[in-house]
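Chemist: Got a predicted structure plus its sequence, pasted below:
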Amino acid sequence: MQKIDWIILIITLLFIVIYGVWKTKGSTKNVEDYILGNNETPWWTIGLSVMATQASAITFLSTPGQAYHDGMGFVQFYFGLPIAMVVICITFIPIYHKLKVFTAYEYLEQRFDLKTRSLAAILFLIQRGLGTGITIYAPSIILSTILGWNLTHLNIIIGTLVIIYTFSGGTKAVNVTQKYQMFVIMFGMIVTFFLILHLLPNDMTLGNALHIAGANDKMNIVDFSFDPETRYTFWSGITGGFFLALSYFGTDQSQVGRYLSGKSVRESQMGLIMNGFLKVPMQFFILLIGVMVFVFFQFNPVPLNFNPNNKIAIEKSIYKTEYRQLEKQLVNLSEEKKEFNLLYIDHLNQNYDNPILRRKLIGLSNKENDLRDQAKELISKADDKAETNDKDYVFINFILTYLPKGLIGLLLAVILSAAMSSTASGLTALASTTAIDIYKRNLKSPKSEKHYVNATKIFTIFWGIIAILFACIGTLFENLIQLVNIIGSVFYGTVLGIFLVGFYIKYIREKAIFWGAICSQLAIFYIFYLNIVSFLWLNFIGAVLTILVSYFLQTFIFRRNNTIL
């Protein structure tokens, strides 16, 4: 990194922190101010804040790498999201606002009882506590690997910056900073996209680039297969993705807290509808950037493995000679790929999509994948603890190797801003849920407003430290964006099932839903352990199991207590 990159990076991050503290100084006099932002948030701020909360650093590090390796199919994961936004706007938001709740879980006590409220809150605290740690860990592990920065120091720096302005201003600080974080994020990604197009061969159009991506099976956007083991399909996106989005945006306090701060029901609804309209195009665009990086590497030297730690491990092992042979083969293969891709472009410019050349490109791509698999085997032999999957390193490698001065700093600011944004939302949600649903609800005597504000601030620091500690001991998974969604899918279905029963099935009472939810959660743990379905289906299964088991218990076990509310 050059001096200009450091200047842009540091100024951007400091501006966000200082602005968040300054803008909300003295504005959090009571719990309503601190947790709900005094219900002053306009709809467009809600929409941006909701998007920024979900768009963590993992989104901008892992999603392009996901598309580089597997193509555009991951976008199907979000197909159910717009439908979920409509359902939440119609059902969830009016109820939350009518009851004037601070957290989503307050509703459950009014509908059921304290133990059901506490169960849902605890399930949320577990999964969001883990998820918040990952939002810190994800950029830290990758940046530390690529740039040689100390991993622990990075975790502490990111976590501390977030704690400072979140502690100071609560929800209002999160909302005002996320507007600028989203601006930095989208500006950086748009500039990167057009720069990639500029770096492609001079006579190459966007259409030609998409043809090359298509010839390598990167543009298969929709898969209508019914195979439950296929991770991303149209059906898993519409069903599993719908239930995940419904539970995440409807019952996860990190998102519910964003629109509970709205000026009115209508403002909250408009903010979520904005997210429903923009989220899928945004994810499509980020995936497309990853595909364009893939096209770029069809004409430029490409690493055998993007994770530099693996290269270091190989160089220290007895397998370095074999690995270097594979690298030489990849260099020769890359030259051949470049030659045939240029020839393919010439044919495209003559309006002829040559099927023979397409098959040749697919064959060359398969050879490259075979070389990469051989390299992974050698890496595993050199270090059996090495993470051979390098999806999360693709985009950051491209940024640092090929982007000009200044833009590197901007893109690193994008990654860290996204980490801070999602972490801040997670901390406010964890703190408010702990303070309101656990601490306040179990106190024997009433306390002052100032006491609960201070308690929420203390819990903010507490969860910030927990997240930092988890980040410091975390380990890299197959793909970080998948890890976050897997953690959510394991817990979200059960919590969603509780809320759906509360909203729609008045027949089911507190004992049935409590034990039904416990049985459902245990079943989901076991199904996940067996690994018999894609994780997306866990949301659907968890919600349905909670409903069915609680209905069975209410009908056959607890029917003497059965009355209509």
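Modeler: All right, it came through fine. Numbering: from 1, shown residues only.

Chemist: which sections of the stretch 401-550 of the chain are below the confidence cut-off?
Modeler: Within the stretch 401-550 of the chain, the ranges that satisfy pLDDT under 70 run 474-485.

Chemist: That one: strands as residue ranges?
Modeler: Using DSSP state E, counting those that start in this stretch, no strands are found in the stretch 401-550 of the chain.

Chemist: do the same with the stretch 101-250 of the chain
Modeler: Under DSSP E, counting those that start in this stretch, the stretch 101-250 of the chain gives no strands.

Chemist: I'd guessed S247 sits against N539; true?
Modeler: Yes - taking CB atoms under 8 Å as the definition, S247 is a contact partner of N539 at 6.2 Å. Every C-beta, even on glycine, is put in place using the N, C-alpha and C of the backbone.

Chemist: Overlap in contacts, the two.
Modeler: 492-493, 496 (CB atoms under 8 Å, 6 or more residues apart in numbering).

Chemist: Compare S247 and N539 (neighbour count), which wins?
Modeler: Counted by other CB atoms under 10 Å, S247 and N539 do not tie: N539 has more neighbours, with 32 against 27.

Chemist: Tell me how far the residue nearest to V490 when sequence neighbours are not counted lies from W537.
Modeler: Excluding the flanking residues, the one nearest V490 by CB to CB, 6 or more residues apart in numbering is F528, at 5.6 Å. Distance, F528 to W537, by CB to CB, to the nearest Å: 10 Å.

Chemist: higher neighbour count, the two?
Modeler: W537 (22 against 17).

Chemist: how about F306, secondary structure?
Modeler: coil (DSSP: H, G, I helix; E, B strand; the rest coil).

Chemist: Now do the helices in the stretch 351-500 of the chain.
Modeler: Counting by DSSP state H, counting those that start in this stretch, residue ranges of the helices within the stretch 351-500 of the chain are 355-382, 394-402, 407-433, 449-473, 480-504.

Chemist: do you know which of those helices lies nearest F77?
Modeler: helix 480-504 (7.4 Å; CB to CB).

Chemist: Which strands or helices does the closest one pack on?
Modeler: Helix 480-504 sits against helix 57-70, helix 106-111, helix 114-147, helix 240-251, helix 510-530, helix 536-556, with contacts defined as 3 or more CB pairs under 8 Å, 6 or more residues apart in numbering; DSSP states H and E.

Chemist: Let me know the angle separating the third one from helix 407-433.
Modeler: Just to be clear, that refers to helix 114-147. If you take axes from the mean of the first three to the mean of the last three CA atoms, to 10 degrees, helix 114-147 sits at 160 degrees to helix 407-433.

Chemist: Measure how far helix 114-147 is from the centre of its chain, please.
Modeler: 11 Å (CA atoms, centre = their mean, to the nearest Å).

Chemist: got a markdown table for the helices of the stretch 351-500 of the chain, with distance to K218 and mean neighbour count too?
Modeler: Formatted as a markdown table, the helices of the stretch 351-500 of the chain follow (distance: least, CB to CB, whole Å; neighbours: other CB atoms under 10 Å):
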| stretch | distance to K218 | mean neighbour count |
| --- | --- | --- |
| helix 355-382 | 9 | 16 |
| helix 394-402 | 13 | 21 |
| helix 407-433 | 22 | 27 |
| helix 449-473 | 32 | 19 |
| helix 480-504 | 17 | 23 |
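
Chemist: quick one: contacts for the closest residue to Y393 other than its chain neighbours?
Modeler: Counting by CB to CB, 6+ apart, F306 is the residue found nearest to Y393 once chain neighbours are left out, at 3.9 Å. By CB under 8 Å, 6+ apart, F306 lies in contact with 65, 390, 393-394, 397.

Chemist: ok, now with 7 Å
Modeler: 390, 393-394, 397 (CB atoms under 7 Å, 6 or more residues apart in numbering).

Chemist: where's the helix ranked longest in the chain relative to the chain centroid, distance-wise?
Modeler: Assignment by DSSP state H gives helix 151-199 as the longest helix of the chain. Taking CA atoms, centre = their mean, one finds the center of helix 151-199 at 14 Å from the center of the full chain.

Chemist: Please shift the residue numbers so they start at 31 in all later answers.
Modeler: Done: numbering now begins at 31, and the last item shifts to helix 181-229.

Chemist: and the angle for that helix with helix 144-177?
Modeler: Using the same axes, to 10 degrees: helix 181-229 against helix 144-177 is 70 degrees.

Chemist: Please work out the average pLDDT along helix 181-229.
Modeler: Regarding helix 181-229, the rounded mean pLDDT is 79.

Chemist: now do stretch 296-313
Modeler: Stretch 296-313 comes out at a mean pLDDT of 91.

Chemist: same question, stretch 363-371
Modeler: pLDDT averaged over stretch 363-371 gives 91.

Chemist: can you list the residues that contact the helix or strand hosting W74?
Modeler: Element membership of W74 [criterion: DSSP states H and E] is helix 73-84. For helix 73-84, contacts defined as CB under 7 Å, 6+ apart pick out 204-205, 208-209, 211-212, 284-285, 288-289, 292, 297-298, 300-302, 304-305, 308-309, 451-452, 455.

Chemist: if we go to 8 Å?
Modeler: Residues contacting helix 73-84 (CB under 8 Å, 6+ apart): 71, 204-206, 208-209, 211-212, 215, 278-279, 284-285, 288-289, 291-293, 296-305, 308-309, 312, 448, 451-452, 455.

Chemist: now that helix against helix 437-463, angle please.
Modeler: Using the same axes, to 10 degrees: helix 73-84 against helix 437-463 is 100 degrees.

Chemist: between helix 73-84 and helix 510-534, how many degrees?
Modeler: Going by the same axes, to 10 degrees, helix 73-84 makes 130 degrees with helix 510-534.

Chemist: give the contact list for the residue nearest to V520.
Modeler: F558 neighbours (CB under 8 Å, 6+ apart): 520, 565, 568.

Chemist: thinking again about what came up before, can you name every helix or strand that the longest helix of the chain contacts?
Modeler: Looks like helix 181-229 contacts helix 33-53, helix 61-66, helix 73-84, helix 144-177, helix 283-290, helix 295-326, helix 437-463, helix 479-503 (3+ CB pairs under 8 Å, 6+ apart).

Chemist: again, only this time at 7 Å
Modeler: Judged by 3 or more CB pairs under 7 Å, 6 or more residues apart in numbering; DSSP states H and E, helix 181-229 is in contact with helix 33-53, helix 61-66, helix 73-84, helix 144-177, helix 295-326, helix 437-463, helix 479-503.

Chemist: Can you lay out the shared contacts of S277 and N569 as a markdown table showing distance to L473?
Modeler: Shown next, in a markdown table, are the shared contacts of S277 and N569 (distance: CB to CB, whole Å):
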| residue | distance to L473 |
| --- | --- |
| Y522 | 29 |
| G523 | 32 |
| L526 | 29 |
